[in-house]
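Student: The following block contains a protein sequence and its predicted model.
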Amino acid sequence: MPPLNHAVLSASSAYRWLECPPSALATADIPDETTIYAQEGSAAHEMAEYKIRWHLGEKDLAPPNIGNFNAEEIDRYTDSYAYYATDKIETIRKICPDTIVMVEQRLDFSNYVKDGFGTGDLVIVADDVLQVIDFKYGKGVTVSAEHNPQMMLYALGALNLYGYLYDIKTVKTAIVQPRLDNISEWEISVDELLEWAENTLKPIAELAAKGEGEFKAGNHCRFCKLRAVCRKRAELMLETAEYEFKEPAELNDDEILHILTIADDLSKWAEDVYSYAQAKAINEGKSWSGFKIVEGRSKRQYADENKIAEVCRNNGYTMSQIYKSTLIGITDMEKLMGRKIFKELLGDYIIKPKGRLTLVPETDKREEVHTLDEFRKEF
Ligand code: SF4
C-alpha cells in the first residue's frame, strides 16, 4: 500500500472517492496528467488571485507571468470572476466591517479526512455566514455548487479555522466558471454540514484511506486515472450497452432514446480505452493484434515563404497574384482596439449568426429552442 499523502484524499477528487472509495489508493501511484489546459488553468488562477489581492490593497504585487497563454482571454475571464468576488466582499463588508477575507487559503479538514487539506480560492467570514468561492477556468463540464463535496470540504476547513471565533450558522458556496457563463451558488446550514461530515464523509474517508469499500462506476469515472483500464467501469459500460433489440428491422423510438441516453458515456469510455491503447503502442511498442500504427494525414506546407515569394516574383507572378490580404479576426480586432472602442466603432457591424441546431440532454444549460419552424426558415 503506498504511503498516504495529501493528494490521495484531496478535496478536488472527493466527488470520486466518495462514490468509489477504493479508487483513492488504487490511483495514488499513477502520476498526475499534466495537460496544457491544466497549465492554462493555473495561469488563470494566478491572475485571478492577483486581481483579488490588488482589490484588497496589496498594490505592490507584480502581475503574474501567464506565459504564452491567451492574455486577452485570461484577462477578460478573470475580470468576470474578480467582479463577482469583489462584489461579494464589498456587499458583506457594508454589513459587517470586521469581515475576514482569505485568498488562496490552506484549509485543513484532516479531522474528517486523513491528511485532508486543500486551498480555497476565496473564503469570506462575517458574523454568522461563511462564504467559500471557487474559480474554475475549465470549459469542458459545468460544475454545480449544490452538494459539491470539494466546496463542502473547503467549508469544513474554514470552519476549523474560524468556527470558534464566530457564531457561524450558514455556509454559502459558489463556483464561478466564466468561460461557461456559469455561476452556481448554494447554501447549507452549519448543522447540516457537520452532520454530513460526521455521518457520511468521515466513514467513507476512513474506508478510502485504507483502500477499502466497493468500486463503483458512474459519471465520477471520467477524470479517474484508472478510467481506461478499470474493470468496474468496463462492466458498467458493457452492461449499459446490452439491450435486447427486438424485431422489426428498424429501431423504435424507445430503443433510439435508450441509445441516445448512453451514447455519451459509451463514447467517452471507448475514447479513453483507445487513447490508452494508442499511447501504449506508440510509447512502449506494445502490439495489439489486428491493429497497427500509421502516420496520420498531413497537409503540404511552404518550407520557406520568403523563398517561395522570391521564386514566384522571379518567374513573372505579381504580388497581387501570390498574396491576399484579409481582415484580422474579431478577437484580434477587439484586442487591438480594446473592448470599449471596438464596441463603439464596430459594434453595429458585428453580427452573430444563429448556431447550428443540436440535440443535447435536457440538463444542458443552453435555452431550449421552441420556435423550430422559424429557426429552420432562417437556417
Ligand atoms: S474508473 Fe470509476 S470505478 Fe474504476 S476506480 Fe475509477 S472511479 Fe472507481
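Tutor: Nice, I can see it.

Student: What about C230? Give its phi and psi, please.
Tutor: phi -70, psi 130 (degrees, to the nearest 10).

Student: OK, contacts around it?
Tutor: Each residue near C230 by CB atoms under 8 Å, 6 or more residues apart in numbering is listed here: 215, 217, 221, 224. Any C-beta I mention is one placed from the backbone N, CA and C, and that applies to glycine too.

Student: do that again at 7 Å, thanks
Tutor: By CB atoms under 7 Å, 6 or more residues apart in numbering, C230 lies in contact with 221, 224.

Student: do R16 as well
Tutor: Contacts of R16 (CB under 7 Å, 6+ apart): 23, 220, 224.

Student: so where does it fall, helix or strand?
Tutor: Per DSSP states H and E: R16 is located in helix 14-17.

Student: about what we covered before: could you list which of the contacts of R16 belong to helices?
Tutor: S23 (DSSP state H).

Student: out of the contacts of R16, who's near the ligand?
Tutor: Contacts with the ligand within those, counted by CB under 6 Å from any ligand atom: 23, 220, 224.

Student: residues contacting the first one?
Tutor: Meaning S23. Counted by CB under 7 Å, 6+ apart, S23 has contacts 16-17, 215, 224, 226.

Student: With pLDDT and distance to F135 as extra columns, can I get the residues you listed in CSV?
Tutor: Output for these, formatted as CSV (pLDDT from 0 to 100; distance: CB to CB, whole Å):
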residue, pLDDT, distance to F135
R16, 96, 21
W17, 96, 23
F215, 96, 32
C224, 94, 24
L226, 94, 28
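
Student: Now which of the residues you listed would you call buried?
Tutor: 16-17, 215, 224, 226 (16 or more other CB atoms under 10 Å).

Student: wouldn't A24 be in contact with V8 here?
Tutor: Yes: at 5.3 Å, A24 counts as touching V8 under the criterion of CB atoms under 7 Å.

Student: Pick out whichever of the two has more residues nearby.
Tutor: Taking neighbours as other CB atoms under 10 Å, A24 and V8 compare with A24 leading, 29 against 22.

Student: quick one: the helices in the stretch 1-150 of the chain?
Tutor: 14-17, 23-26, 36-55, 71-95, 149-162 (DSSP state H, counting those that start in this stretch).

Student: on contacts alone, who are the packing partners of the next helix or strand after the last one?
Tutor: Sequence order places strand 170-177 as the next helix or strand after helix 149-162, per DSSP H and E. Other helices and strands packing on strand 170-177, by 3 or more CB pairs under 7 Å, 6 or more residues apart in numbering; DSSP states H and E, are strand 129-135, helix 149-162, strand 182-189, helix 190-196.

Student: between strand 170-177 and helix 71-95, how many degrees?
Tutor: Put simply, strand 170-177 runs at 160 degrees to helix 71-95, going by axes from the mean of the first three to the mean of the last three CA atoms, to 10 degrees.

Student: Work out which residue lies at the spatial centre of this structure.
Tutor: Ranked by distance to the mean C-alpha position of the chain (CA atoms, centre = their mean), the top residue is G138 at 3.3 Å.

Student: That residue contacts G41, correct?
Tutor: Yes: with contact defined as CB under 7 Å, G138 and G41 form a contacting pair (6.4 Å).

Student: hang on, the earlier thing: go through the buried ones among the contacts of S23 and name the one nearest the ligand.
Tutor: Nearest to the ligand out of the buried ones among the contacts of S23 is C224 (CB to the nearest ligand atom; 3.2 Å).

Student: how close does the closest one get to T363?
Tutor: As defined by CB to CB, to the nearest Å, C224 lies at a distance of 21 Å from T363.
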